[in-house]
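Engineer: Provided below for reference: sequence and predicted model.
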Amino acid sequence: MCGIVGYVGDQNATPIVLNGLRRLEYRGYDSAGIAVLSNGNVEVRREAGKLSKLESLVQNQPIQGTIGIGHTRWATHGEPTARNAHPHIGNTGKVVVVHNGIVENYLELKADLEAEGVEFHTETDTEVIVHLIEQFLSQEEPLEEAVRKALKYLKGAHGIVVLSTMAPDTIIAARIGNAGGVVIGLGDGENFIASDIPAILDHTRRMLFLESHQMAVVSKSSIQIQSLDGKKVHLEEHNIGWDPIAAEKGEYRHFMQKEIHEQVRSLTDTLAGRVDFDDGRIHLPQLNLSPELAGRIKKIILTACGTAAHAGMVGKILLERIARIPAQLEIASEFRYEDPIVDSDTVVLAISQSGETADTLAAMEEGRKRGAVLWSIVNAIGSQAMRVADGYISMQSGPEIGVASTKAFSAPLVDLYMLAVLLADLRGVINERQRHQLVSDLRLVPDLVGKCLDREKDVLQAAREMRYIRNILYLGRGIQMPIAHEGALKLKEISYIHAESYPAGEMKHGPIALIDRDMPVLALAPRDQWYEKMISQIEQARARGGNVIVVATEGDQRAAELADHVFWVPETPWLLSPVVTVIPLQMFAYHIAALKGLDVDQPRNLAKSVTVE
Ligand code: AGP
């Protein structure tokens, strides 16, 4: 999610906007820009990289004015370059826009606009917005009407702020859906706009929060709120007491908890613009996957580290079960030394939130050297793992601040599922009915995850009772085995408790000797094809006095009778169930670490991106 700041008043807008953007630095970004109305012109400065780069540019090429907007970008479409940075200016030079969200239908809008002779200059989806506004302005519409009409064409969730010489005393802000907030700050003879409270908290604590399908027309002395169909709206004024950093986390104590709860939104975003539920098809244009390539792939080697490797383990199952392509997960730090069997019909698919993990990049290089097709699933657009790949899928999850990865684990699970369905379709291994069913199941995911998040109090109760444990065993089978690994890693890395994960079927070959009253067990036992086997495993653990937590499907009384604690999850198609069963495990690890008073967001010895070997 990108950062937005706007100012209109009697002061110089430039420092206010730049300082506001700095307050949003926590969100993570890869480029930034500012636009100010100065002497009847729109002056724009944009720079890739950190905010300090933009500040130096503005220092060398100053801009002054009493009305301005700024933006920090987390790229989803188009590399993080100065050219792709916001604000985006139209061809008349009179309108400039900053945007948060994804224009899901930007390709068709761009084609229509180009057919009308509109010239494009960037790779972004956002650029279509400014050209649409200009189209309506050219029909003598006042600015707010032109904005309102343009917004009606956009699909997806958006936060948009518009500045124009056609209305030099006014900033227009609008919100559609939930692409981050649009906050209006009320000043004395001046007003502010931001995507998040921290950006303007230094100037005012009086805030209005735009709701979806609302627009604000803001001048230094007035604020008019209206619905997108033009009706006046009254918004309640809020007085904010938070300090800036606390404000960035919103109502959450840690970024990790915020990111766990962002998964309904981040999973919606990773689906955005890629699933056509009507014709039951998947679109992954950045993968550059031709039917010819799809037909000749003989093997897919997934490679990654840590949490991303656990996503790759699920990906192996999805690719084999849905697309019937041989797939294997190779831990990147091992793969790079294996002298792997790879040729031009092999795909090496790297998964990486940061896109900068040294072992993963080295594994990709191994694949490249042996002639493999390179793909990557990344969250950081413009990262090395994206740039060196022949094709990529962006997680579109927004910046992940907490070192312990959560939303950047669940998003690739869905991305891998979409990839498997697309490959199966292109290779003709599923029929139309199967394809429609697989695609329509995707629609359930955000809501099913939301149901798990609603059960946080059950997980907190278990965390309270078990926070002093020193060891725990996570057991799973089949597609839940990678989730056992992921749950154990989450607990290890933020609570420093020894958590081991094991294939449940393997317990009888030795590890069951571990189980006694001091060795609690967490068993993943949703109603799937391994359910009965898991139940007998749980019975064996109980027989040895072990304390048992069970992840069970809602209503499963049999599991409940065997468990000391139950983490209920909703009934879910089994190929998508890992996205759901991981949620309580993320919350369990989080609450234990938080209850122990540990540094949840920056655990000892760890870094968010391991860019060294
Ligand atoms: C996950 O909680 C850890 N922080 C770590 O295992 C991480 O997943 C791993 O270092 C890979 O990082 P990447 O996804 O940025 O490549």
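Structural biologist: Good, I have the coordinates. In this text the structure is predicted, and so the values were computed from the model without any measurement. Numbers count the residues shown, from 1 in each chain.
Engineer: quick one: contacts for Val582?
Structural biologist: Going by Cβ atoms under 8 Å, 6 or more residues apart in numbering, Val582 touches Phe409, Ser410, Ile483, Glu486, Gly487. Yep, even glycine has a C-beta here, placed from its N, CA and C like the rest.
Engineer: let me redo that: Leu163
Structural biologist: By Cβ under 8 Å, 6+ apart, the residues touching Leu163 are 6, 35, 37, 42, 67-69, 87, 95-97, 171-172.
Engineer: so what's it bridging to?
Structural biologist: Here Leu163 sits in beta bridges with Val96, Ile171, going by DSSP bridges.
Engineer: got a pLDDT number for it?
Structural biologist: Note on Leu163: pLDDT of 98.
Engineer: Quick check, the residue in this protein closest to the ligand?
Structural biologist: Using Cβ to the nearest ligand atom, the closest approach of the chain to the ligand is made by Gly306 at 1.8 Å.
Engineer: wait, isn't that residue in contact with Ser405?
Structural biologist: Yes: using Cβ atoms under 8 Å, Gly306 is in contact with Ser405, at 7.4 Å.
Engineer: So for those two, which sits in the more crowded spot?
Structural biologist: Ser405 (28 against 24; other Cβ atoms under 10 Å).
Engineer: Not counting residues beside it along the chain, what's closest to the more buried one?
Structural biologist: Spatial nearest neighbour of Ser405, excluding adjacent residues (Cβ to Cβ, 6 or more residues apart in numbering): Thr307 at 4.3 Å.
Engineer: tell me which residues of the helix or strand in which the one you found is found are tucked away?
Structural biologist: Using DSSP states H and E, Thr307 maps to helix 306-323. For helix 306-323, a neighbour-count test (16 or more other Cβ atoms under 10 Å) marks 306-319, 322-323 as buried.
Engineer: for these, which one is nearest Lys533?
Structural biologist: Ile317 (16.5 Å; Cβ to Cβ).
Engineer: in terms of contact, does the closest one touch Ile479 like I think?
Structural biologist: Yes: Ile317 lies in contact with Ile479 (Cβ under 8 Å); the separation is 5.2 Å.
Engineer: circling back to that earlier point, the helix or strand that the helix holding Thr307 is followed by: partners in the sheet, and parallel or antiparallel?
Structural biologist: As assigned by DSSP H and E, the chain's next helix or strand after helix 306-323 is strand 327-331. Sheet pairing for strand 327-331, assigned by DSSP bridges, gives strand 299-304 (parallel).
Engineer: can you give me the strands in the stretch 201-350 of the chain?
Structural biologist: Listed in chain order, the strands of the stretch 201-350 of the chain (DSSP state E, counting those that start in this stretch) span 206-209, 214-218, 223-227, 238-239, 275-276, 281-282, 299-304, 327-331, 346-352.
Engineer: Of all those strands, which one is nearest Asp10?
Structural biologist: strand 214-218 (14.5 Å).
Engineer: packing partners for that closest one?
Structural biologist: Using 3 or more Cβ pairs under 8 Å, 6 or more residues apart in numbering; DSSP states H and E, the elements in contact with strand 214-218 are helix 143-151, strand 171-176, strand 191-194, strand 223-227.
Engineer: Repeat the analysis, applying 10 Å as the threshold.
Structural biologist: Packing partners of strand 214-218 (3 or more Cβ pairs under 10 Å, 6 or more residues apart in numbering; DSSP states H and E): strand 3-8, helix 143-151, strand 158-164, strand 171-176, strand 183-186, strand 191-194, strand 206-209, strand 223-227.
Engineer: Run through the helices of the stretch 501-613 of the chain in chain order.
Structural biologist: 531-543, 557-562, 577-595 (DSSP state H, counting those that start in this stretch).
Engineer: Return the most buried member of those helices.
Structural biologist: Highest mean neighbour count of those: helix 577-595, a mean of 26 (counted as mean count of other Cβ atoms under 10 Å).
Engineer: so that one versus helix 306-323, what angle?
Structural biologist: In terms of direction (axes from the mean of the first three to the mean of the last three Cα atoms, to 10 degrees), helix 577-595 departs from helix 306-323 by 160 degrees.
Engineer: For helix 577-595, give the mean pLDDT please.
Structural biologist: Averaged over helix 577-595, pLDDT sits at 98.
Engineer: go on, stretch 196-203?
Structural biologist: For stretch 196-203, the per-residue pLDDT averages 87.
Engineer: Next, the buried residues of that stretch.
Structural biologist: Buried, per 16+ other Cβ under 10 Å, within stretch 196-203: Asp196, Ile197, Pro198, Ala199, Ile200, Leu201, His203.
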